[in-house]
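J.: Next comes the sequence, and after it the predicted model I'd like to discuss.
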Amino acid sequence: MSNTFACSIKRIRFDENYEPADNTRLTTNFANLARGAHRQENLRNTLNMINNRFNALANWDNPKGDRYSLEIDIISAEIDIEGNGNTFPFIETLKSTIVDHHTNQRIDGMIGNSFSSYVRDYDFSVVLLEKGFTTGEKPEKFGDLHGKLYQHLVNSEVFQAEFNKKPVICLSVSTSKTYYRTTNVHPVLGVEYKNDDASRTDDYFNKMGLTVRYFMPKNAVAPLAFYFSGDLLRDYTDFELISAISTMETFQKIYRPEIYNANSTAAAQYQPSLKYQDYSLTRIVYDREERSQLAVKQGKWTEENFIKPYQKVLEQWAENYAVDIDTRSTHAA
């Protein structure tokens, strides 16, 4: 079997001692928190927020609200395009494990949660900006390569040997769309919202084989966007869903407080806004402006170190992969 386009996976624990690896995208939520004078306090407070939210949602047989805690691993996937040992760090997600302190059991949490990608930085921070596309506009075949790279990873033997379920990615809702509350209520995910039409991000994740649904969990103030393949409500346990909510709602409260730490709850007809002023700040230091600047820098780095050097190889591979998708099989690594 050829080693071209071979995937590999590395794990690093996200805890109060976490230090970003050299090839970690610095725009990633957890990497941004782990720098500066307040890094350890940031990380400790973030993990406390995650654990408190998990216990609040998993409140049965949990009278003191301290039965569970989460261990979180950063999953870094790398790809070797030419089979020569030179790997490119192309996707990062999170995997949680739930620790039950009453029974000393360790229970699988969600794989996915956050989603970081150098190629996504290139698409959104280089392609869209340099070609002058406005909100909602996108070039032809936008996201095609990224979508196929993602599907190549999650269908690989390497990924499936590590994880027995497909990822669920949990992101902020789009500030360019309006969301409408429905009567559908899930016992864990909460109230479902629907939007008026798909956002550019929705379309981008659709090319990764992911569908989106929007839910506002109990005691949350805004819906979250859940991207998944399969059946979100049937394929995952309550604990997996709670681990995703508690982890990602915490990150959203930190870096999008105008939406997720607002002082009032989303209305039945809701348009998120980062200009909203009635919100509370967490005690966690986060540099959102730096994050935006780094996204452009990292997108250009991707262009120079991945897109340009392998352009012909990537184009040919993507063309062949499209044929494989049509025949419902995956491209061999």
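T.: It's in.

J.: wait, residue 280 sits on residue 261?
T.: Yes: assessed by C-beta atoms under 8 Å, residue 280 is found in contact with residue 261 at 5.1 Å. Using the backbone N, CA and C atoms, a C-beta is placed for each residue, glycine as well.

J.: So if I had to pick from those two, which one is more boxed in?
T.: Between residue 280 and residue 261, counting by other C-beta atoms under 10 Å, residue 261 is the more crowded of the two (17 against 9).

J.: residues contacting that one?
T.: 221, 253, 279, 280, 281, 282 (C-beta atoms under 8 Å, 6 or more residues apart in numbering).

J.: Please report which of these has the highest neighbour count.
T.: residue 253 leads these on contacts (other C-beta under 10 Å) with 24 neighbours.

J.: ok, and the residue nearest to residue 76 when sequence neighbours are not counted, which helix or strand is that part of?
T.: Nearest residue to residue 76, sequence neighbours excluded (C-beta to C-beta, 6 or more residues apart in numbering): residue 10, at 4.6 Å. Taking DSSP states H and E as the criterion, residue 10 maps to strand 6-14.

J.: Also residue 96?
T.: Per DSSP H and E: strand 88-100 holds residue 96.

J.: Report the residue spans of the stretch 151-300 of the chain with pLDDT below the cut-off.
T.: 285-293 (pLDDT under 70).

J.: Helices along that one, start to end?
T.: With helices called from DSSP state H, counting those that start in this stretch, the stretch 151-300 of the chain shows them at 157-162, 200-206, 232-235, 238-255, 257-260, 288-302.

J.: Ends of stretch 214-233, what's the gap?
T.: End-to-end distance of stretch 214-233 (C-alpha to C-alpha, to the nearest Å): 12 Å.

J.: tell me which residues of that stretch are tucked away?
T.: Of the residues in stretch 214-233, 214-217, 220-229, 232-233 count as buried by neighbour count, 16 or more other C-beta atoms under 10 Å.

J.: Surely residue 133 is in a helix?
T.: No: counting by DSSP: H, G, I helix; E, B strand; the rest coil, residue 133 is not part of a helix but coil.
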